[in-house]
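[1] Just the structure for this:
(one chain, ligands or ions: 1)
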Amino acid sequence: MKAIVLQQTGGVENLVIKEVPVPAIKDNEVLIQNKAIAINPVDAFVRGNAGALQGIVRPAEGADIILGWDIAGEVVATGKDVKDFKTGDAVFGMVNFPGQGSAYAEYVAAPADHVALKPANTTYEKAAAASLAALTAWQALVVHGQVKKGDKVLIHAAAGGVGHYAVQIAKHFGAYVIGTASAAKKEGVLSFGANEYIDYNQQPFESLVTDADIVLDSLGIPGHLERSLSAVKNNGRLISLLVFPDDAFKQQAAAKNVYVHRLTVNSDGKDISSIASLLEQGALHSDIAETFPFEEMGKAHEKVAGGKTQGKIVVNV
Ligand SMILES: NC(=O)c1ccc[n+]([C@@H]2O[C@H](COP(=O)([O-])OP(=O)(O)OC[C@H]3O[C@@H](n4cnc5c(N)ncnc54)[C@H](OP(=O)(O)O)[C@@H]3O)[C@@H](O)[C@H]2O)c1
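    The predicted structure follows:
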């Protein structure tokens with residue numbers, strides 16, 4: 001089969017198409033003929049950073065390094081312990097995160113728990129898109145944020161991959177949603193369902209929001225998490241996707257009795273079934289910014305690494 005192999009960490013020229021064996025499946029896995037791959041900032045991060053590659057992907061010694069986690073495709077074989085899927089099923093999900101998902105390939109071996117049936121109303125591209133980014137939004141807001149009706153939720157980078165799903169999920173639970181983005185993405189943020197939009201270039205968000213029940217902070221800007229803490233009300237919740245809070249920060253949060261959690265999204269726990277259900281109900285939509293052919297994976301990486309995406313970048317297999 002064709003796969004995109006990372007020859008060494010560095011620029012996109014190190015992503016090379018190669019013939020490799022179709023992966024063997026374990027008893028709890030399905031073999032998926034891959035049709036679409038979604039690209040996330042972490043894909044570009046591990047491609048260019050040896051420490052991150054070892055820490056997040058943990059590639060097997062001596063084996064080809066195949067990156068990527070988000071897939072959608074058709075089941076072509078099932079392990080003997082798999083009960084929920086059969087050959088011919090259309091599925092999608094985030095495979096083995098953190099770990100090696102090996103998504104940049106024509107065939108992917110995935111634990112059955114990491115995928116869900118693709119709703120008929122959702123294309124392969126839009127289903128692949130709604131994997132890592134949508135699961136991050138779900139685990140941030142629902143699992144750790146415990147979002148509920150009437151909550152005020154501040155979502156940073158509300159037009160991005162995670163952000164646009166987070167706005168929709170918070171709205172689905174009946175929250176009042178405020179999203180930050182640059183002026184070019186105002187319409188996008190409001191179209192995803194946000195009640196209010198803040199142009200982060202024009203106004204400091206913490207001067208406008210001081211009583212959020214939940215803040216989702218996905219930015220690595222120094223001091224940003226502290227500013228987000230001042231936007232959370234006492235007893236609220238602050239979920240960080242990038243910055244690890246240090247002891248001084250934890251003390252500041254404790255003084256307000258704010259729950260702080262630095263999330264690492266995880267494939268386990270069947271949350272992908274919740275995402276499938278939202279897609280099926282029409283409560284969640286993937287906004288696809290751009291699609292690329294398999295041969296142009298490098299361009300997809302460059303695009304996502306630019307950090308200006310509205311919605312998701314997808315590569316067709
Ligand atoms: N810990 C985890 O498990 C986890 C999981 C998923 C993602 N992440 C991280 O979370 C971050 C977001 O991921 P993503 O997939 O959503 O990325 P993305 O799709 O590349 O996000 C791009 C968005 O960020 C916005 N943005 C940039 N600077 C901003 C600022 N100062 N204020 C508000 N918005 C800003 C951009 O909007 P403008 O063009 O309008 O600026 C753009 O729409 C990434 O760093 C990613 O690595 C972590």
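[2] and the stretch 151-300 of the chain, which of its residues are near the ligand?
    Counting by CB under 6 Å from any ligand atom, the stretch 151-300 of the chain comes close to the ligand at 156-157, 159-163, 180-182, 185, 200, 218-219, 221, 241-242, 263-265. (Each C-beta comes from the backbone N, C-alpha and C, glycine too.)
[3] check contacts around the residue in the chain positioned nearest to the ligand.
    Closest residue of the chain to the ligand, CB to the nearest ligand atom: Gly160 (2.5 Å). Gly160 makes contact with Ser218, Thr309, Gln310, Gly311 under the criterion CB atoms under 8 Å, 6 or more residues apart in numbering.
[4] Tabulate the residues you listed (TSV), appending neighbour count and pLDDT.
    Shown next, in TSV, are the contacts of Gly160 (neighbours: other CB atoms under 10 Å; pLDDT from 0 to 100):
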residue	neighbour count	pLDDT
Ser218	24	98
Thr309	23	95
Gln310	21	97
Gly311	23	98
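[5] In helices only, show me the residues of the stretch 151-300 of the chain next to the ligand.
    Using DSSP state H, Gly161, Val162, Gly163 are the members of those that sit in helices.
[6] ok, which stretches of this structure are helices?
    41-48, 50-52, 124-129, 132-138, 161-172, 186-191, 205-208, 224-231, 247-255, 271-281, 297-305.
[7] Just the angle for the lengthiest strand in the chain relative to helix 297-305, thanks.
    Ordering each strand of the chain by length in residues (DSSP state E) puts strand 29-39 first. Strand 29-39 and helix 297-305 are oriented at 60 degrees to each other (axes from the mean of the first three to the mean of the last three CA atoms, to 10 degrees).
[8] pull the CA atoms of strand 29-39 into PDB?
    Written as PDB, here are the backbone C-alpha positions of strand 29-39 (Å, rounded to 0.1, in the frame of the first residue of the first chain):
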ATOM      1  CA  GLU A  29      -8.800  -4.000  15.800                       C
ATOM      2  CA  VAL A  30     -10.400  -3.200  12.400                       C
ATOM      3  CA  LEU A  31      -8.600  -2.700   9.200                       C
ATOM      4  CA  ILE A  32      -9.800   0.400   7.500                       C
ATOM      5  CA  GLN A  33      -9.400   1.400   3.800                       C
ATOM      6  CA  ASN A  34      -8.700   5.000   4.300                       C
ATOM      7  CA  LYS A  35     -10.600   7.700   2.300                       C
ATOM      8  CA  ALA A  36      -9.800  11.000   4.200                       C
ATOM      9  CA  ILE A  37      -7.300  12.200   6.700                       C
ATOM     10  CA  ALA A  38      -7.700  15.400   8.800                       C
ATOM     11  CA  ILE A  39      -4.600  17.400   9.700                       C
END
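[9] Does anything pack onto it? Which helices or strands?
    Strand 29-39 sits against strand 70-78, strand 107-111, helix 124-129, helix 297-305, strand 312-316, with contacts defined as 3 or more CB pairs under 8 Å, 6 or more residues apart in numbering; DSSP states H and E.
[10] Centre of the chain to the first one, how far?
    Remark: strand 70-78 is offset 19 Å from the chain centroid, using CA atoms, centre = their mean, to the nearest Å.
[11] Can you list the buried residues in that strand?
    By 16 or more other CB atoms under 10 Å, the buried positions in strand 70-78 come out as Asp70, Ile71, Ala72, Gly73, Glu74, Val75, Ala77, Thr78.
[12] Contacts for it, please.
    25, 30-40, 85-95, 101, 103, 107-108, 110, 112, 118, 124-125, 127-129, 131-133, 317.
[13] do the same with the last one
    Residues from elsewhere that reach strand 312-316, judged by CB under 8 Å, 6+ apart: 35-39, 104, 125, 128-129, 133, 161, 286-294, 296-297, 300, 303-304.
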